[in-house]
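In: Here you go, sequence then predicted model.
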Protein chains: 2
Amino acid sequence: MSAREFGAAGSERDASHAAASASAASFAKLLETVRHHVDGQLAMWLGPKVVAANRISAEVGAAAEAVERLALRGGKRMRAALVVSGFDACGGQGRGSEAPAKSDEEHVGSLLRSVDRAAVAIELLQVYLLIHDDWMDDDDVRRGGPAVHVALRERLGSKRLGDTAAVLAGDLACGYAQQALLEVPVPADRLLGAARAFAQIQEDVVIGQLAEMSPIVADPRAVQVPVELIHALKYGRPLGIAFQLRDDLLGAFGDSSATGKPVGNDIRQGKRTALVVEMRGDSRAEALLARVLGREDASDADVAEVVRAMETTGAKARVEARVAELLAEARAALAAMALPESSRGRVWLAGAIRALGERSS
Amino acid sequence: MSAREFGAAGSERDASHAAASASAASFAKLLETVRHHVDGQLAMWLGPKVVAANRISAEVGAAAEAVERLALRGGKRMRAALVVSGFDACGGQGRGSEAPAKSDEEHVGSLLRSVDRAAVAIELLQVYLLIHDDWMDDDDVRRGGPAVHVALRERLGSKRLGDTAAVLAGDLACGYAQQALLEVPVPADRLLGAARAFAQIQEDVVIGQLAEMSPIVADPRAVQVPVELIHALKYGRPLGIAFQLRDDLLGAFGDSSATGKPVGNDIRQGKRTALVVEMRGDSRAEALLARVLGREDASDADVAEVVRAMETTGAKARVEARVAELLAEARAALAAMALPESSRGRVWLAGAIRALGERSS
């Protein structure tokens, strides 16, 4: 390699680093705009549902309000931002080159008007899944407030009624999500494609939750199943898996004040996280897991020992390496996609890879 | 009225009675054909799902198998037959007059090829709702076998794991139902309309389940909410409510060997059935309800006293009268519909009114 070529490669690396930073900043800005807009749209969409539900009975009203509160309480709106990015990257708006150049704000505003119902839908699907997930994991806290089953136990005055209403509240959110999606103003054949992807997401996530139930370390392929978040884009699968693996890492090594989940929860609940799978083959670690994993009354010292073993066995390093690999795969898939080079959507999707790869909550 | 007019009216009554009997027989025959076909289609549709699920983990396989078993175990396929009838009545096949006349068998076969995925979808939606409903009502038996949560508690060896897997199995069936519906080979805009109706059904039924939770007799409008089973046809709403009210009557006065549900279940579970709502205002009956309703340990004698009070207060007669009114409303709606007069679908829909109105299980 000549000096000149080396220099060129060096400046390409610099340029690529600068571009990655810029894309991450651009995605962060998009995320903020989307969050603001989608929060408002969720409130407007759910408001009439809650009013109608309260007219029927206390339980119906309580369930609809629980859905509304969880939907409006925080949430990064990462999924909504990815929907907007994907729509733009695939040339969703069309006729871009003929129209007068738009400012970033105008462009995002126009995208949101086209697909904000899809963003509302994906957030409501997430609310549905979170409600059932928190009930089955017995997690008390979600997005800095009580989980829906906890709020409904309190409000309806009994564990049994609260749990029943919580499962139904999840089902209600599922119906809402379908309805919102089917309101997206795009041509019928494209909307059907989106609805099919949506139904597939529902199956995949539920299978992921079932696969996670097993306290026995079984088939590592199961870890590959959860959370194919964005089927429509080929880069979504590795990104979705990386997101899930990052969750596993944060569950053991994260800052619980940032994640909102107590460290050790996954261990006490016996979740077969990627970290647990990666400890297989080490007999001391397996004996430790057999003793502690899935014991709700495990001491803090026992939990800390498992966390340490996740480091000493190399499980943590292997999962981190796998995250890096998956993010590289997502980057390569994005680079290979036949998307308009200059589209803001492409920049955002690149930024999302960084945002998801580096997240700490 | 002259003698001649009277005679004419008399023979019209006879003719209308004969037509009603013929339509009921025709619907019963359709129901049998549909049941046979849809049983096979459900088995074919679910088979690959179960194989794939078993490859992932024991819990995923157990949940998918539980869905499959409940879906294939009996079920009258009433909903599937109504889907086929409605499709035909609305002229779904089109171009009927140009094609050579078909035998009944050929006609039904051709209808089923068009919409059997919709029939599979509505049956899977029902499976989803039954799984969650049985879990929340703590009903042990469904369609002559163990309810899904009961089967999964046994198979997974714990109440907690079984209940979790059962709620997820319901969620899985919900995702399956969406997928099956979106495979119906009709034009995209019509399929979208069906998907919207489907999402609305899901919301309505879940709200109905929530409304039924309240042990306190509150707003009788809530009784009107459940089970708008067939939105696509205006006759569906009164028919759906009549179906639900008939369920309430059978729960108290039915033959448990035919219904498959022990008499008194609804009373011990504190369900706010239409019968309970109709007992309001009678202070002795209200005192009795306050003592017995919702008590899982209520004696058989107490339950029998409530059932007697349902008769003596006139609640039973009022609910039966309401069923008759609703069936008349459905008949009038069907008569007013702009459907091809001669269509077999119209005949079947008339037969369904009789089949639902007179059912004993």
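Out: Noted; the coordinates are in hand.

In: Just give me the neighbour total for A:Met136.
Out: By other Cβ atoms under 10 Å in any protein chain shown, 22 other residues sit near A:Met136. C-beta coordinates here come from the backbone N, C-alpha and C atoms, glycine included.

In: how close does it sit to chain B?
Out: 4 Å (Cβ to the nearest Cβ, to the nearest Å).

In: Enumerate every residue touching that residue.
Out: Counting by Cβ atoms under 8 Å, 6 or more residues apart in numbering or on different chains, A:Met136 makes contact with A:Gln209, B:Thr164, B:Val167, B:Leu168.

In: can we see that at 6 Å?
Out: Shown in contact with A:Met136 (Cβ atoms under 6 Å, 6 or more residues apart in numbering or on different chains): B:Thr164.

In: before we move on, what SS does it have?
Out: Under DSSP: H, G, I helix; E, B strand; the rest coil, A:Met136 falls in the helix class.

In: Now do the strands in chain A.
Out: Secondary structure of chain A (DSSP state E): strands located at A:141-142, A:145-146.

In: Out of these, which is the most enclosed?
Out: strand A:141-142 (a mean of 18; mean count of other Cβ atoms under 10 Å in any protein chain shown).

In: Walk me through which strands it pairs with, and which way each runs.
Out: Paired strands of strand A:141-142, with direction, are strand A:145-146 (antiparallel) (DSSP bridges).

In: what sits up against the strand it pairs with?
Out: So strand A:145-146 is contacted by A:Arg73 (Cβ under 6 Å, 6+ apart).

In: Report the distance from it to the chain centre.
Out: 19 Å (Cα atoms, centre = their mean, to the nearest Å).

In: And for stretch A:325-342?
Out: What separates the centre of stretch A:325-342 from the centre of its chain is 19 Å, taken as Cα atoms, centre = their mean.

In: related to what we said a few turns ago, can I get the strands of chain A in TSV with distance to A:Ala285 and mean pLDDT?
Out: Putting the strands of chain A into TSV (distance: least, Cβ to Cβ, whole Å; pLDDT from 0 to 100) gives the following:
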stretch	distance to A:Ala285	mean pLDDT
strand A:141-142	29	91
strand A:145-146	35	94
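
In: Would you reformat the ones you listed as CSV and include distance to B:Arg69?
Out: As requested, those are exported to CSV (distance: least, Cβ to Cβ, whole Å):
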stretch, distance to B:Arg69
strand A:141-142, 33
strand A:145-146, 36
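
In: Please name whichever of these is nearest to B:Met337.
Out: B:Met337 sits nearest to strand A:141-142 of all these, at 47.5 Å, using Cβ to Cβ.

In: Roughly how far does A:Arg344 sit from A:Ser85?
Out: Using Cβ to Cβ, to the nearest Å, we find A:Arg344 at a distance of 8 Å from A:Ser85.

In: These two: which has the busier surroundings?
Out: For A:Arg344 versus A:Ser85, neighbours defined as other Cβ under 10 Å are more numerous around A:Ser85 (28 against 22).

In: could you check the distance from the closest residue to that one other than its chain neighbours over to A:Leu181?
Out: Nearest in space to A:Ser85, with sequence neighbours left out and distances taken as Cβ to Cβ, 6 or more residues apart in numbering or on different chains, is A:Trp348 at 3.8 Å. A:Trp348 sits at a distance of 21 Å from A:Leu181 (criterion: Cβ to Cβ).

In: So between the two, which is more surrounded?
Out: A:Trp348 (27 against 24).

In: What is the neighbour count of the residue of the stretch 251-361 of chain A found nearest chain B?
Out: Nearest residue of the stretch 251-361 of chain A to chain B (Cβ to the nearest Cβ) works out as A:Arg272 at 8.6 Å. A:Arg272 has 24 neighbouring residues, counting by other Cβ under 10 Å.

In: got it, and the one 10 residues further on?
Out: A:Asp282 has 16 neighbours, counted by other Cβ under 10 Å.

In: Pull the number of nearby residues for the residue lying closest to A:Arg196 once chain neighbours are set aside.
Out: Excluding its sequence neighbours, the residue lying closest to A:Arg196 (Cβ to Cβ, 6+ apart) is B:Leu182, at 4.9 Å. For B:Leu182, the count of nearby residues is 22 (other Cβ under 10 Å).

In: separation between B:Leu182 and B:Trp45?
Out: Using Cβ to Cβ, one obtains 13 Å as the distance from B:Leu182 to B:Trp45.

In: same check, this time on A:Val303
Out: The gap separating A:Val303 from B:Trp45 is 44 Å, by Cβ to Cβ.

In: A:Ala119 too?
Out: Taking Cβ to Cβ, one finds A:Ala119 at 31 Å from B:Trp45.

In: higher neighbour count, these two?
Out: Neighbours around A:Ala119 and B:Trp45, counted as other Cβ under 10 Å, are more numerous at A:Ala119. The numbers are 26 against 22.

In: Distance of the closest residue to that one other than its chain neighbours relative to B:Ala53?
Out: Leaving aside its sequence neighbours, A:Ala119 sits nearest to A:Ala80 (Cβ to Cβ, 6+ apart; 3.6 Å). According to Cβ to Cβ, A:Ala80 stands 30 Å off from B:Ala53.

In: now do A:Arg291
Out: From A:Arg291 to B:Ala53 the distance is 31 Å (Cβ to Cβ).

In: Kindly report the same for A:Val127.
Out: 25 Å.

In: Show me which of these two is the more surrounded one.
Out: More crowded of A:Val127 and B:Ala53, by other Cβ under 10 Å: A:Val127, with 30 against 25.

In: Would you check that the more buried one makes contact with A:Leu72?
Out: No - using Cβ atoms under 6 Å as the test, A:Val127 is too far from A:Leu72 to be in contact (9.7 Å).

In: Quick one: neighbours of the residue nearest to A:Leu181 when sequence neighbours are not counted, just the number.
Out: What sits nearest to A:Leu181 in space, not counting adjacent residues and going by Cβ to Cβ, 6+ apart, is A:Ala121, at 3.7 Å. Look at A:Ala121: counted by other Cβ under 10 Å, it has 27 neighbours.

In: now do A:Ala290
Out: The local packing of A:Ala290 (other Cβ under 10 Å) involves 11 other residues.

In: Excluding chain neighbours, what is closest to A:Gly357?
Out: The shortest distance from A:Gly357 to any non-neighbouring residue, by Cβ to Cβ, 6+ apart, is to A:Leu327 (4.6 Å).

In: need the contact list for the one you found.
Out: Applying Cβ under 6 Å, 6+ apart to A:Leu327 gives the contacts A:Ala242, A:Ile353, A:Gly357.

In: which of those has the most neighbours?
Out: For the contacts of A:Leu327, neighbours were counted using other Cβ under 10 Å, and A:Ile353 has the most, 25 neighbours in all.

In: which residues does that one contact?
Out: Counting by Cβ under 6 Å, 6+ apart, the residues that A:Ile353 touches are A:Leu327, A:Ala330, A:Arg331.

In: Redo those as TSV? Include pLDDT and distance to B:Lys316.
Out: As requested, those are arranged in TSV below (pLDDT from 0 to 100; distance: Cβ to Cβ, whole Å):
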residue	pLDDT	distance to B:Lys316
A:Leu327	92	66
A:Ala330	88	64
A:Arg331	88	69
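
In: mind checking how far the residue nearest to A:Ser85 is from B:Pro238?
Out: The value you get for A:Trp348 to B:Pro238, if Cβ to Cβ is used, is 51 Å.

In: Does the residue nearest to A:Ala119 touch A:Val120 like I think?
Out: No - using Cβ under 6 Å, A:Ala80 makes no contact with A:Val120, being 7.8 Å away.

In: More neighbours: those two, which one.
Out: Neighbour count, other Cβ under 10 Å: between A:Ala80 and A:Val120, A:Ala80 has more, with 29 against 26.

In: And the pLDDT at the more buried one?
Out: Note on A:Ala80: pLDDT of 90.

In: now do A:Ala197
Out: Predicted confidence (pLDDT) for A:Ala197: 89.

In: mind checking how far it is from A:Glu203?
Out: In terms of Cβ to Cβ, A:Ala197 sits 11 Å off from A:Glu203.
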